[in-house]
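In: Have a look at this prediction, sequence included:
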Amino acid sequence: MSGPSRRTLVLGAGALAGAAALPGLGRAQGTARHGLSSFGELKYPADFRSFDYVNPEAPRGGRFSAQLASTLGNQASDTFNTLNVYVLRGDGAAGMNLTFDSLMVRALDEPDALYGLLARSVEVSEDGLTHRFALRPQARFHDGSRLTARDVAFSLMILKAKGHPSIAQMLGDMSEAVAEGDETVMIRFASGRSRDLPLFVAGLPVFSAAYYDKRDFEASSLEAPLGSGPYQVGRLEPGRFIELQRVADYWAADLPVNVGQNNFEAIRYEYFRDRQVAFEAFKSGAFTFREEFTSRVWATLYDFPAVTEGRVRKEIVPDARPSGTQGWFLNTRREAFRDARVREAIGLCFDFAWSNKNLFYGAYIRTASYFENSDLKATGTPGPDELALLDPLRADLPAAVFGEAWSPPESDGSGQDRANLSRAVALLREAGCTRDGGVVRLPGGKPLEIEFLDSDPVFEPVTHPFIRNLGLIGIKARMRVVDASQYQSRLKDFDFDVTSRRYASGMTPGAELREAYGSGSATTPGSNNLAGIASPAIDRLIDKVANAASRKDLVTACRALDRTLRAGRYWVPMWYKADHRLALWDVYGRPAKGPAYDLGAPALWWYDAAKARRIGRN
């Protein structure tokens, strides 16, 4: 059964999620810094040659081809109609982030460190509110024009004013970005800014100010925007495929942050509206890298000739990152879902144990936490450190927050767990609902009806048993599958009852959590707050996460937030698996020891011509 591939959204708009500079770095110590991290630690010295997890001698050439597995900005997973991915309008194409450089880039073997790309260094004022990035004078756009501080300032200010809501909201506390000559950009932040904001800014794309002097930044367009990154747009057919071509004279190819990376001559993303069609295309070799998110397919369908002959390899690669937040999110903007008891009753009708056994081949673990597979997950009752954060909010929190951290109840695996269904009926009664024959009515008399909205039928085998159980207790439910464009439009307008999503964030969550769970995003069209969560207490806890001054404080704040979100019953948790299931046509090489916090594909991998010849793919 499907996992996160089609609904994964990277919180923080693809920038480093949850990383930032501490007040006092840089100028407060009298020196410029070559990198920044949330709590000041940097693994690599200023004169490092390359990251430890790359192969500096990796060959270059060949093609990497795959489907889009996670989205940022306005991207959709199954179609595209614009190359402008950093605004709300349109469905953005895959790979466009590869065409732009940023001030700094992430190290994949540290939880949250960034090192200079466009910026050779940064100085930070003593109060942490002013950052001056010194740019590399050799930085160039693809047309050969120089990239200057003006372009950086323009990019940050226009993203704040007109960028996708997931970006613009994050930039609310960036007061200004000003070019001080060609090689220095000064960025000033508002007092009280979140801990992670400076590094979020440092990871954003830099556009050409001159290019947009004559173009509408918010327009949906298939004209490739002028970038400065390692790739540029090549051939494409909207809704079918896009190719990114490696820039032969990329200005930053030899910088330490790029050594051993960007090895493929071309990167191609294929689009399919139907998963079975996509699988058949992979079997035929139409694309050569596949991360498998469907346990049934993984368990039963990888017996085609290319596998048995050794031309396609199956691999399981451990994933040390937090597993993300996957589930059905209930739209609390709807009258039907405003009462947490109703939401909990709905969740009790999902029999995960039955689904795992009969549909998933026992492959998954039930998700319980918003920070699953990490030490940020709340367990047991809140300890003294958590209570110090929760007690001042007690009046605004459900009593359950102060008990055992909520987890979805186990089911007996029968498919119709009588105890859970009885508990659901009792909760509906407590919420003031009534039973009228075979129909549950809300306190106001309206029938309680639910539409599960999706753009892909892949969830039907697991959703329909869920729907049957809802029907047993008098809730009329249905699943509606619409085309990708309509689906994206309805999500942007919050025009749905229930939909599925997986949120992924980094090892150091921060202010990007406001995109998914903050009150400010609940009424912002196109935001990631699908559930419509609007709780001042949750906002306060997100602030504690965003402003944690140490990793210990971060862990405490995340656990307090986690138990509070879980107590709100805003979602019906799905499942997770802490590894990557890969199917690969045997044409790739990769470093012997990859990074701890990322798969590294395609950035660190390379095309192995000898392997390709052996399987007849050269």
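Out: Ah, there it is.
In: quick one: the helix or strand where residue 491 lies to chain centroid distance?
Out: Assigned by DSSP states H and E, residue 491 belongs to helix 484-492. Averaging C-alpha positions (CA atoms, centre = their mean, to the nearest Å) puts helix 484-492 18 Å from its chain's average.
In: Can you identify each of the helices in the stretch 501-618 of the chain by residue range?
Out: 513-517, 519-522, 536-546, 551-567, 609-614 (DSSP state H, counting those that start in this stretch).
In: re the thing from before, ok, and what's touching the helix holding residue 491?
Out: Helix 484-492 has contacts (CB atoms under 8 Å, 6 or more residues apart in numbering) with 74, 76, 78-79, 81, 88, 91, 273, 453-455, 482, 495-496, 499, 525-526, 530. All C-beta atoms are positioned from the backbone trio N, CA, C, and that covers glycine.
In: Check the gap between residue 45 and residue 256 for me.
Out: 10 Å (CB to CB, to the nearest Å).
In: In strands, which of the contacts of helix 484-492 appear?
Out: 453, 454, 499 (DSSP state E).
In: Report the separation between the last one and residue 547.
Out: Yep, that's residue 499 we're talking about. Per CB to CB, residue 499 is found 31 Å from residue 547.
In: okay, these two: which has more neighbours?
Out: residue 499 (21 against 18; other CB atoms under 10 Å).
In: Would you mind naming the residues that bridge with that one?
Out: With DSSP bridges applied, residue 499 shows beta-bridge pairing to residue 329, residue 453.
In: about what we covered before: quick one, which of the helices of the stretch 501-618 of the chain is nearest to residue 341?
Out: helix 551-567 (12.0 Å; CB to CB).
In: Between the two ends of stretch 109-127, how far is it?
Out: End-to-end span of stretch 109-127 (CA to CA, to the nearest Å): 29 Å.
In: Mind listing what's buried along that stretch?
Out: 109-125 (16 or more other CB atoms under 10 Å).
In: Stretch 369-383 now?
Out: Under 16+ other CB under 10 Å, the buried positions of stretch 369-383 are 369, 370, 371, 372, 373, 374, 376, 377, 378, 382.
In: Need the phi and psi values for the residue lying farthest from the centre of the chain.
Out: In the chain, the greatest distance from the average C-alpha position (CA atoms, centre = their mean) is reached by residue 437, at 43.5 Å. Main-chain dihedrals, residue 437, degrees, to the nearest 10: phi 70, psi -120.
In: Over to the one 10 residues further on?
Out: For residue 447, the backbone dihedrals are phi -60, psi 140 (criterion: degrees, to the nearest 10).
In: Run through the bridge partners of it.
Out: Beta-bridge partners, per DSSP bridges, of residue 447: residue 441.
In: Next, count neighbours for it.
Out: For residue 447, using other CB under 10 Å, the count is 13.
In: same deal with residue 278?
Out: 19.
In: what helix or strand does it sit in?
Out: helix 275-284.
In: my guess is residue 99 contacts residue 232, does it?
Out: Yes. Using CB atoms under 8 Å, residue 99 is in contact with residue 232, at 5.5 Å.
In: Which single one of the buried residues of stretch 369-383 is nearest to residue 265?
Out: Once CB to CB is applied, the member of the buried residues of stretch 369-383 that ends up nearest residue 265 is residue 373, at 35.4 Å.
In: so who does the closest residue in space to the closest one that isn't next to it in sequence touch?
Out: Leaving aside its sequence neighbours, residue 373 sits nearest to residue 323 (CB to CB, 6 or more residues apart in numbering; 3.8 Å). Contacts for residue 323 (CB under 8 Å, 6+ apart) come out as 367, 372, 373, 374, 576, 577, 578.
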